[in-house]
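Undergrad: What shape does this take:
(one chain, ligands or ions: 1)
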Amino acid sequence: MKHKVIKKQQNSKKCLVCGLKNDLGLKTSFYELENGELVAIFTPIEEHQSYPERMHGGIAGAILDETIGRAIMIKDKNIWGVTVELNVKYKKPVPLHEELRVVGRITRDSSRLFEGTGEILLSNGEVAVTAIGKYMKMPIEKIANFDEADQEWQTVWSDQDPSEIEL
Ligand SMILES: CCCCCCCCCCCCCCCC(=O)SCCNC(=O)CCNC(=O)[C@H](O)C(C)(C)COP(=O)(O)OP(=O)(O)OC[C@H]1O[C@@H](n2cnc3c(N)ncnc32)[C@H](O)[C@@H]1OP(=O)(O)O
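TA: Okay, the predicted model is just below:
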């Protein structure tokens, strides 16, 4: 089923997952959908491998962590979370050099914590990796010295941005 993209989220400079100036990073794009889910799109490269041609499980954890952690921003772009728990299940190997979709959503939201689930989808739609994450809400100034301009926290548009995403 196709879902309309309603917003593209910001990228940063050096984050492993979303930093556009991290040469070894995933350079992921994040899209908010009209159904309330968040989709991450990225293509793993050789530097992300574990066994040859297979993406490292830690990278799978990292992309799922950030996709679920960012899904809360659909509701309020000013809610920042730090991960306190992440449970990852590896069901199928994830190949390198193929564009992947990762879906995340919030399943529980309280004043101090939020929880969510997510999946890495293969290009044929099969679910390769799933995760459940729990995050503590914190003011951004308690997490890091955060200067939006210095960290290049901004929406970066591209010709490749989809208007709809098939899930
Ligand atoms: C420009 C730059 C941008 C870049 C980037 C992109 C950003 C956009 C991405 C956003 C999405 C994020 C995606 C990745 C996010 C990370 O990767 S964050 C990095 C990994 N995580 C961390 O570093 C967290 C490390 N842990 C900590 O800092 C501390 O443990 C915490 C979370 C601050 C808690 O510290 P604390 O308050 O001293 O802990 P504590 O007193 O033990 O617990 C406080 C309360 O929380 C409860 N609690 C603690 N842990 C738990 C738990 N696991 N379950 C339930 N309750 C718990 C306790 O029970 C306690 O409750 P009360 O007893 O007060 O009722």
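Undergrad: where's the residue most central in space within the chain, which helix or strand?
TA: Taking C-alpha atoms, centre = their mean, the centroid of the chain lies closest to Thr67, which sits 2.6 Å from it. Here Thr67, judged by DSSP states H and E, is contained in helix 57-71.
Undergrad: Check what pLDDT Phe146 gets.
TA: Phe146 is assigned 89 on the pLDDT scale.
Undergrad: scratch that, Ser163 is what I was asking about
TA: On the pLDDT scale, Ser163 gets 98.
Undergrad: measure the residue nearest to it when sequence neighbours are not counted to the ligand for me?
TA: In space, and not counting its chain neighbours, Ser163 is closest to Val5: 5.7 Å by C-beta to C-beta, 6 or more residues apart in numbering. (C-beta placed from N, C-alpha, C; glycine too.) As judged by C-beta to the nearest ligand atom, to the nearest Å, Val5 and the ligand stand 18 Å apart.
Undergrad: hang on, isn't Val5 packed against Ile165?
TA: Yes: counting by C-beta atoms under 8 Å, Val5 does reach Ile165; the two are 6.3 Å apart.
Undergrad: And the residue nearest to His56 when sequence neighbours are not counted, how far from the ligand?
TA: The shortest distance from His56 to any non-neighbouring residue, by C-beta to C-beta, 6+ apart, is to Ser50 (4.0 Å). Distance, Ser50 to the ligand, using C-beta to the nearest ligand atom: 20 Å.
Undergrad: Is it correct that Ser50 is in contact with Pro44?
TA: No: using C-beta under 8 Å, Ser50 is not in contact with Pro44, being 10.5 Å away.
Undergrad: So the two - more neighbours on which side?
TA: A side-by-side neighbour count of Ser50 and Pro44, using other C-beta atoms under 10 Å, places Pro44 first with 22 against 15.
Undergrad: And for stretch 85-102, what's in contact with it?
TA: Residues outside stretch 85-102 that contact it (C-beta atoms under 8 Å, 6 or more residues apart in numbering): 28, 39-46, 48-49, 53-55, 57, 60-61, 63-65, 67, 118-123, 126-134, 165, 167.
Undergrad: Please pick the buried ones from the residues you listed.
TA: The neighbour count (16 or more other C-beta atoms under 10 Å) marks 28, 39-42, 44, 48-49, 55, 60-61, 63-65, 67, 118-122, 128-134, 165 as buried among those.
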